[in-house]
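**Q** build the 3D model from these lines:
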Amino acid sequence: MAIPQNFIQELLSRADVVEIVGRYVQLKKGGANYMGLCPFHGEKSPSFSVSPSKQFYHCFGCGKNGNAIGFLMDYAGMGFVEAVKDLAGQYGMQVPEDERSPADRERAAQDRQKQATLSDVLEKAGAAWRKQLRGSAKAVDYLKGRGVTGEIAKVFGLGYAPEGWRGLASVFPDYDDPLLAESGLVIVNDDDGKRYDRFRDRVMFPIRNVKGECIGFGGRVLGDEKPKYLNSPETPIFSKGRELYGLFEARNALREHGYVLVTEGYMDVVALAQLGFPNAVATLGTACTTDHVQKLFRFTDSVVFSFDGDAAGRRAARKALDGALPYATDVRTVKFLFLPAEHDPDTFIREFGQDAFARYVHDATPLSRFLVEVAREGCDLATAEGRAHMAANAKPMWMQLPEGALKRQLLTEIAELAQLGPHELGELWGLAPAAPPRQKWRPPAPPAASRPRVAGRQLPVSRPTRALQIVLTEPLAWERLSHDDHHLLCELPAPHGPMFAWLDAQHHDHGAQPWSALREALRGHEHEDFVAGEVAKLPPEIESDPAELAQILAQERKLRQAEEMKRLSATAATDPQAYERLKVLVEAQKAKRPS
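**A** Next up is the predicted model:
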């Protein structure tokens, strides 16, 4: 949905960023601003500043900054529309949905109310099961036997569903309430209509969404009964193909560790958190999907899938590869970790230690290598038939990759294994013939009377304008950039910064769009004429080189750093925080210089 810009401005004028951030970060008044420990990276002394006058937050350590909407997106992993709706709800504002009919809006309101009600029902069951855990010696003994402390059990909200067919009848006076069945807590027998608890005599693992709301449960038996694991069924608020266990609990650790570790079970996640790896999540008894991968990349640019080294683990990894391929851009990393067949992450760390496991993670198989391994599996590359079979296996996987340097390099590598040239393989795969050499982009000359000149030379288009031209006319260009790149561009002065922020919102709402669609969405925007005019200057045959955008970003980042160092130098003598930040920047510059 398209949210009017004036509504977003009104929302930000009402919202208090100090109040929003203060719900998640302990803030203390420090002069005109509030200070706290940055939630986006580990630190011992506060460098995270929130300005009530500017309604802006900024970390002097990692550089993260933004407004109240940006904080909800960065901290809770929300999309733009989700963050706007969440913030608007906190301030009693209704997000405009003009493109929907009154009936559609009414249904949407009813769905939101039902979702909130179902979550409340699940929260109530979870609270009851947490009390039951404290009184169940066998459940406590089971968790202790798995090395789980009370502190970790509290972090994950672990509980215990006692034996008995109608244990929840003591929690919900109206055991016949339809919400109990709709939430998945109670099963209704189709033949006689009798009701009974879904979860019985199991350790319970609450499944939370990125906002921390309970949306379902996983239950594990204490012995060897079957099924060992039992999940909530699909409900209006829970879909196994979209949700990940432990993502809410791991969101801060993902930023600190720099990657997410995707495991196969609840106990893996809990045990890893206990053993020093709180950046783990798990799929919910289903194969990893593209929705899972897309959600993970909201929080980090590096994903490591962990699987058993047996045949089942390889099959699961193959499915995870399919889910990851469409999002494997040049600024993201995807790896596959295969533990020895006799180990899971828990047992491996206990036997060999944290450092050994960290090395295993570091040396995990990159997506590019795993793709080739999968393609050549069962193919005898010593024969022409085997090489042809390998190329045929590789094609559908390679085609899913987004355009970029990784895709081109893999084409070359696959071609070499097939003993073909890249162009020959491309022709066999039906790819377009090689394009003629790209024309080097030059800005068109304006009329002589209005042509700006410096010392007799025409001024080129600015770097921000050129970057805007690229991301507006290349649908996948924005997707290839990292989170830091997005922040850098969105923080530029008007009109460029607001336009990059607008594009980011469009991307969250609708995904990658061609310029024709973006042009229609621009109607009525305050910078419409500027943007349309700059794009109109581009010759239709011009193609954008990803390296050009990377160079622009590098130059802008260098300029931004120089400006920051200049500002810090002016206050470093009297401001300890400015001094420390200046030291970090100076050391970083020294590290980049050739020895």
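**Q** surely F7 is in contact with V95?
**A** Yes - counting by Cβ atoms under 8 Å, V95 is a contact partner of F7 at 6.9 Å. (C-beta placed from N, C-alpha, C; glycine too.)
**Q** who does the one helix or strand G70 maps to touch, helix- and strand-wise?
**A** For G70, the host element (DSSP states H and E) is helix 68-76. Helices and strands touching helix 68-76, by 3 or more Cβ pairs under 8 Å, 6 or more residues apart in numbering; DSSP states H and E, are helix 5-14, helix 17-22, helix 80-90.
**Q** show the pLDDT at E351.
**A** Looking at E351, its pLDDT is 91.
**Q** tell me how far the closest residue to it other than its chain neighbours lies from F307.
**A** Excluding the flanking residues, the one nearest E351 by Cβ to Cβ, 6 or more residues apart in numbering is H343, at 7.3 Å. Distance of H343 to F307, given as Cβ to Cβ, to the nearest Å: 11 Å.
**Q** who's more crowded, the two?
**A** Remark: of H343 and F307, F307 carries more neighbours, 22 against 17, as counted by other Cβ atoms under 10 Å.
**Q** now do the contacts for that one.
**A** Residues in contact with F307 (Cβ atoms under 8 Å, 6 or more residues apart in numbering) are 264, 313-314, 316-317, 320, 336-339.
**Q** among the residues you listed, which are located in helices?
**A** For the contacts of F307, the ones inside helices are 313-314, 316-317, 320, with DSSP state H as the criterion.
**Q** most surrounded residue in those residues?
**A** Result: A320 is most packed of these (other Cβ under 10 Å), 25 neighbours.
**Q** excluding its backbone neighbours, what's nearest that one?
**A** C288 (4.0 Å).
**Q** swap in A139?
**A** Closest residue in space to A139, ignoring its immediate chain neighbours: Y160 at 4.0 Å, by Cβ to Cβ, 6+ apart.
**Q** and the contacts of F307, which is closest to E249?
**A** E264 (17.1 Å; Cβ to Cβ).
**Q** mind listing what the closest residue to that closest one other than its chain neighbours touches?
**A** Distance criterion Cβ to Cβ, 6+ apart; nearest residue to E264, sequence neighbours excluded, is A282 at 6.3 Å. By Cβ under 8 Å, 6+ apart, A282 lies in contact with 244-246, 262-266, 268-269.
**Q** right, and the helices and strands packed on helix 68-76 - which one's nearest T149?
**A** helix 17-22 (29.2 Å).
**Q** could you give the mean pLDDT of whichever helix or strand comes after that closest one?
**A** As assigned by DSSP H and E, the chain's next helix or strand after helix 17-22 is strand 28-30. Across strand 28-30, the average pLDDT comes to 85.
**Q** give me the sheet partners of strand 28-30 and which way each runs.
**A** Applying DSSP bridges to the sheet, strand 28-30 is found paired with strand 33-36 (antiparallel).
**Q** past the partner strand, which element shows up next along the chain?
**A** Per DSSP H and E, the first helix or strand lying C-terminal to strand 33-36 is strand 48-51.
**Q** can you list contacts of that following strand?
**A** Residues outside strand 48-51 that contact it (Cβ under 8 Å, 6+ apart): 17-18, 21-22, 25, 27, 30, 32-39, 56-61.
**Q** can you turn the buried part of those residues into a ChimeraX selection?
**A** Those of these that count as buried under 16 or more other Cβ atoms under 10 Å are selected in ChimeraX with:
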select :17,18,21,25,27,33,34,35,36,37,38,39,56,57,58,59,60,61
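**Q** quickly note the distance from L518 to E474.
**A** Distance of L518 to E474, given as Cβ to Cβ: 11 Å.
**Q** pull the CA atoms of stretch 347-357 into PDB?
**A** The C-alpha trace of stretch 347-357 is given here as PDB (Å, rounded to 0.1, in the frame of the first residue of the first chain):
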ATOM      1  CA  THR A 347      27.200 -31.600  21.300                       C
ATOM      2  CA  PHE A 348      30.000 -30.300  19.100                       C
ATOM      3  CA  ILE A 349      30.500 -27.200  21.200                       C
ATOM      4  CA  ARG A 350      30.500 -29.200  24.500                       C
ATOM      5  CA  GLU A 351      33.100 -31.600  23.100                       C
ATOM      6  CA  PHE A 352      35.400 -29.200  21.200                       C
ATOM      7  CA  GLY A 353      34.600 -25.700  22.600                       C
ATOM      8  CA  GLN A 354      33.300 -22.400  21.400                       C
ATOM      9  CA  ASP A 355      36.500 -21.500  19.400                       C
ATOM     10  CA  ALA A 356      36.400 -24.700  17.400                       C
ATOM     11  CA  PHE A 357      32.800 -24.100  16.500                       C
END
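**Q** please begin residue numbering at 808 from this point
**A** Sure, I'll start numbering at 808, so the last one becomes stretch 1154-1164.
**Q** buried ones in that stretch?
**A** 1155-1156, 1164.
**Q** any chance of the residues you listed in TSV, plus distance to R1364?
**A** Shown next, in TSV, are the buried residues of stretch 1154-1164 (distance: Cβ to Cβ, whole Å):
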residue	distance to R1364
F1155	39
I1156	37
F1164	34
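**Q** redo those as CSV? Include distance to A1380 and secondary structure.
**A** Shown next, in CSV, are the buried residues of stretch 1154-1164 (distance: Cβ to Cβ, whole Å; DSSP: H, G, I helix; E, B strand; the rest coil):
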residue, distance to A1380, secondary structure
F1155, 51, helix
I1156, 47, helix
F1164, 46, helix
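**Q** now, which of these sits nearest D983?
**A** I1156 (46.7 Å).
**Q** surely that closest one touches A1087?
**A** No - here I1156 does not reach A1087: they are 11.2 Å apart, not a contact under Cβ under 8 Å.
**Q** list of residues touching the helix holding G877?
**A** Here helix 875-883 has contacts from 815, 818-819, 822-824, 827-828, 831, 846-847, 862, 864, 871, 873, 885-887, 890-891, 893-894, 1017-1018, 1058, using Cβ under 8 Å, 6+ apart.
**Q** narrow those residues to those that are buried.
**A** The buried subset of these - by 16+ other Cβ under 10 Å - is 815, 818, 822, 824, 827-828, 846-847, 862, 864, 871, 873, 885-887, 890-891, 893-894, 1017, 1058.
**Q** pLDDT at E1234, what is it?
**A** Confidence for E1234, expressed as pLDDT, is 92.
**Q** cool, and the one 10 residues further on?
**A** At P1244, the pLDDT value in this model is 45.
**Q** check D1115 too.
**A** D1115 is assigned 79 on the pLDDT scale.
**Q** quickly list what it is bridged to.
**A** D1115 has the following beta-bridge partners by DSSP bridges: L1146.
**Q** would you confirm that it contacts D1075?
**A** No - using Cβ under 8 Å, D1115 is not in contact with D1075; the gap is 10.6 Å.
**Q** joint contacts of these two?
**A** Jointly contacting D1115 and D1075 under the rule Cβ under 8 Å, 6+ apart are D1151.
**Q** which one of the two has more residues nearby?
**A** Ranked by neighbour count (other Cβ under 10 Å), D1115 and D1075 place D1075 first, with 22 against 19.
**Q** list the contacts for the more buried one?
**A** Taking Cβ under 8 Å, 6+ apart, we find D1075 in contact with 1087, 1089, 1113, 1151-1153.
**Q** now, the residues you listed that are in helices?
**A** Under the assignment DSSP H, the contacts of D1075 contribute 1152-1153 to helices.
**Q** would you confirm that A968 contacts F1012?
**A** No - counting by Cβ under 8 Å, no contact exists between A968 and F1012, whose distance comes to 10.8 Å.
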